[in-house]
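What shape does this take:
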Amino acid sequence: MTTPIKSQLVVFDFDWSMADQDTDRWIFEVLAPDIRRKMKTLQESVQWTDLMSHPAMVRGVTKLKGASNPTTTFFCLSNANSVFISTILESKGLQNLFEEIVTNPAEFDPSGLLKLHRRVDPNGPQHSCAVGCSPNMCKGEELTAFLERHKPGYDRIIYVGDGSNDFCPILRLRSQDMVLCRRFRGLEHRISQEGGLQCQVKYWAGAWEVEEIFNQLIE
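Alright, predicted model coming up:
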C-alpha cells in the first residue's frame, strides 16, 4: 500500500533550474566593455532580472506553495551567491518562497564592489565529499544537514537541478523521491554514465514542463 504524501520538500538548484541562465556568467557578460554600448541602448526595455526566470516556473512554484495537500516546503541549494539569488527572487515576488537558501555568501563593500565568499571557507575545515562536488560546497552534505535541522522530515523530496554537482545530493534520495533533471546538461550525463539512483527521474527542458509536473503533485 502506498504511503500518503502529506508533506514534501522541493529542493531547487538556482542557475539553469529556478533561473533560466547562469547568473554569474550572464552578469559578467553583460558588463563586458565590448557589449556595454548595446546594454545602454537596451536599458530602457531590458532588465537583467527579466531574463532570469520563466513565468511558467513562477506560476508552478506559487501554486505548489499555496496548496494544502500536500504541504510543500522549498529549499534553495545553489552554487550561485546570495546577492544574485535574493535580487532575482525579490524581482519576481518570490522572496518568501524558500524556507532556507544555502549558497555562497556575498555583499557589497562601501565602494560598491560585490564581494563573494565560498560557502566552505578555504581556510577552515573542508567537506569530505568523494562524489565530485566543488570545493566551496558539497550539496549532498548540505541536503543532509537541512534534513537534520527539519526533522521528522518529509514524505517526499523533489530535487530540481541540472549540473554535475547536483549528482551528489540526489544519490541520497529514496525510492519515493524524485529528481527533475534538466536535459542536455551535466546532471543528465552523470545519471546516464554513473547511475546508482534509488529515486525516480523525470527530465525536462522548458519551465512549462516543471510547472506541469508540479501541478500533478497537488491533490
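
Please count neighbours and contacts with C-alpha atoms only from this point.
Noted.

mind listing the helices for this structure?
Ranges of helices within the chain are 23-30, 33-42, 55-66, 82-91, 139-149, 167-170, 186-194, 207-216, based on DSSP state H.

Serialize those to a markdown table and add fields for mean neighbour count, distance to residue 11 and mean pLDDT.
Formatted as a markdown table, those follow (neighbours: other C-alpha atoms under 10 Å; distance: least, C-alpha to C-alpha, whole Å; pLDDT from 0 to 100):
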| stretch | mean neighbour count | distance to residue 11 | mean pLDDT |
| --- | --- | --- | --- |
| helix 23-30 | 14 | 18 | 50 |
| helix 33-42 | 12 | 33 | 46 |
| helix 55-66 | 17 | 11 | 93 |
| helix 82-91 | 16 | 15 | 87 |
| helix 139-149 | 16 | 9 | 97 |
| helix 167-170 | 24 | 10 | 98 |
| helix 186-194 | 15 | 15 | 97 |
| helix 207-216 | 17 | 13 | 94 |
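
how many other residues sit next to the nearest residue to residue 203 once chain neighbours are set aside?
For residue 203, ignoring the flanking residues on the chain, the nearest one in space by C-alpha to C-alpha, 6 or more residues apart in numbering is residue 181 at 4.8 Å. For residue 181, the number of neighbouring residues by other C-alpha atoms under 10 Å comes to 25.

Put together a markdown table for the helices of the chain, with distance to residue 108 on each row.
Converted to a markdown table, the helices of the chain look like this (distance: least, C-alpha to C-alpha, whole Å):
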| stretch | distance to residue 108 |
| --- | --- |
| helix 23-30 | 15 |
| helix 33-42 | 21 |
| helix 55-66 | 27 |
| helix 82-91 | 9 |
| helix 139-149 | 25 |
| helix 167-170 | 31 |
| helix 186-194 | 31 |
| helix 207-216 | 31 |
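
Which strand in this structure has the most residues?
Counting residues, the longest strand found in the chain (DSSP state E) is strand 71-81.
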